[in-house]
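Engineer: my questions are about this predicted structure, shown below with the sequence.
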Amino acid sequence: MGYSAKQRKVKTEIDGANKLVKDLKAMEDAAVNVMMAGAKAGGKIALEDAKRNCPVDSGALKQSLHLSEGKATAVKATVQLDYDKS
């Protein structure tokens, strides 16, 4: 004598799932904004320190230092401190 089991299809529905997805997406967008603001704040500190400690002959290097916004994702935000290389 054998035994056979069959799986039945079960359909479930979650009330409010669409709202939940929308809220989670909004949280992700807000997190990206917060991370970028933090990255910019840290970058500004580094920029001020670089300008304060930069050697000055003509002042061109000091004046060329700048901060640029990089990419922002749900897990990372970047800024770049750079100078004019021309």
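Structural biologist: Thanks, I have it. Numbers count the residues shown, from 1 in each chain.

Engineer: just give the closest residue to Glu28, not the sequence neighbours.
Structural biologist: Ala74 (5.1 Å; C-beta to C-beta, 6 or more residues apart in numbering). Backbone N, C-alpha and C define where each C-beta goes, glycine included.

Engineer: so where's this protein uncertain?
Structural biologist: Scanning the chain with the threshold set as pLDDT under 70 gives 1-2, 5.

Engineer: all helices of it, in order?
Structural biologist: Along the chain, the segments classed as helices by DSSP state H run 17-53, 60-64.

Engineer: what about dumping the CA coordinates of stretch 76-84 to CSV?
Structural biologist: Taking C-alpha atoms only, stretch 76-84 is exported to CSV below (Å, rounded to 0.1, in the frame of the first residue of the first chain):
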residue,chain,number,x,y,z
LYS,A,76,25.2,54.2,-0.3
ALA,A,77,25.7,57.9,-1.1
THR,A,78,28.9,59.4,-2.3
VAL,A,79,30.4,62.8,-2.8
GLN,A,80,33.8,63.6,-4.3
LEU,A,81,36.3,66.3,-3.2
ASP,A,82,38.5,67.2,-6.2
TYR,A,83,40.6,70.0,-7.7
ASP,A,84,41.0,71.5,-11.2
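
Engineer: that one: which residues count as buried?
Structural biologist: Neighbour-count burial for stretch 76-84 flags Ala77, Val79 (criterion: 16 or more other C-beta atoms under 10 Å).

Engineer: wait, Val56 sits on Lys62?
Structural biologist: Yes. Using C-beta atoms under 8 Å, Val56 makes contact with Lys62 at a distance of 5.7 Å.

Engineer: of the two, give the one with the bigger neighbour count.
Structural biologist: Legend: neighbour count by other C-beta atoms under 10 Å for Val56 and Lys62, higher for Lys62 (16 against 10).

Engineer: would you mind measuring from the more buried one to Asn53?
Structural biologist: According to C-beta to C-beta, to the nearest Å, Lys62 and Asn53 sit 10 Å apart.
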